[in-house]
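Next input, structure requested:
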Amino acid sequence: MPSLERAQYSANHALTLIAQDYIQPFIKAVGASASTDPKLNEMQLYHLPWPIEELQKLPPDLEVKLKVTLSYFIEPNPGRRGYRKRYSYQSHGLRFEVIRPDQSLENFRASINQKANDGTEDYDGPEGDSNGWQLGPQLRTRGSLHSDTWIRYADQLANMHTIAVYPVGGWWKYRTGIDRWQNRVRYSLIVSIDVPDESVDIYSVVENQILTQVEVGV
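The predicted model follows:
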C-alpha cells in the first residue's frame with residue numbers, strides 16, 4: 001500500500017543513485033590454448049557524486065544509512081556432471097565492495113585485486129573500519145541479487161564515496177569449449193543514502209554536481 005508519509009520522508013531525506021552498465025567477467029591471454037581456463041577480467045569503480053560537505057556538517061553522533069544493491073542475471077549450468085562443484089550452477093558471479101572510511105583509493109584497488117587472486121605487491125590488508133554492515137560480504141552474496149545496508153555516522157559516510165563491481169568464478173570460466181567466457185553481462189547498481197536531518201538537502205547538492213558534470217562534457 002502506498003504511504004504518503006514514507007514518500008514525503010524520502011523526498012526530503014533520501015537520495016538514490018542508479019547505474020546500469022556492462023562488464024566482461026573473464027578473459028584469456030592472447031595465444032592461450034583452448035583448454036586453458038580464462039582469468040577474471042575487469043573491475044569497475046564508481047566515484048559517486050557524494051554530498052561530502054553536507055555530511056560533514058551533521059552532528060558526529062548522527063546515524064545515517066547507506067544501502068547498496070547489485071542485480072544481474074546468470075545463465076544456469078546446462079549440465080550436472082563433470083564440473084567443479086563450487087561453480088556448478090551460476091555462469092558467473094558479480095560482487096560489490098564499498099571503500100571504507102579512511103581507506104585510500106590505492107589500498108581499496110589493491111584489496112579488490114587481492115580478492116580476484118591477482119598478485120599485489122606491498123599490500124598488507126585493507127585499511128579503515130569495516131563495521132556497520134548488517135550482513136557483510138559473506139552473507140550478502142547468495143544468488144544474483146546482492147543487497148546490504150550500512151548504518152553508522154555521517155562523518156564516516158562522507159569518506160565512503162567509491163564502489164567497486166568485480167567478477168568471481170562460474171561455469172563460463174571452466175567450460176571453455178563453448179566460449180561463453182567471451183560474453184559481456186549487464187548489471188544494475190543501486191545506491192541510496194538516508195539522512196534523518198531536516199536541515200540538510202542532500203538531493204540538491206548531488207543534483208548540482210551531476211548537472212555541472214554534464215555541462216562540462218557537452
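
So which residue is dead centre in the chain?
Nearest to the mean C-alpha position of the chain, by C-alpha atoms, centre = their mean, lies residue 96 at 2.9 Å.

Tell me what that residue is bridged to.
Legend: beta-bridge partners of residue 96 under DSSP bridges are residue 165.

Make sure it is actually in contact with residue 189.
Yes - counting by C-beta atoms under 8 Å, residue 96 touches residue 189, with 6.8 Å between them. Backbone N, C-alpha and C define where each C-beta goes, glycine included.

what's the overlap in contacts for those two?
Residues touching both residue 96 and residue 189 by C-beta atoms under 8 Å, 6 or more residues apart in numbering: 68, 70, 163, 165.

hang on, the earlier thing: ok, the residue nearest to the centre of the chain - contacts?
Applying C-beta under 8 Å, 6+ apart, the residues contacting residue 96 are 68, 70, 146, 163, 164, 165, 166, 189.

contacting residues for the residue nearest to residue 202 when sequence neighbours are not counted?
Once flanking residues are discounted, residue 202 sits nearest to residue 51: 4.4 Å by C-beta to C-beta, 6 or more residues apart in numbering. Contacts for residue 51 were tallied using C-beta under 8 Å, 6+ apart; they are 15, 200, 202, 205, 206.

Can you read off the pLDDT for residue 51?
Note for residue 51: predicted pLDDT of 85.

For residue 43, see how far away it is.
Distance, residue 51 to residue 43, using C-beta to C-beta, to the nearest Å: 25 Å.
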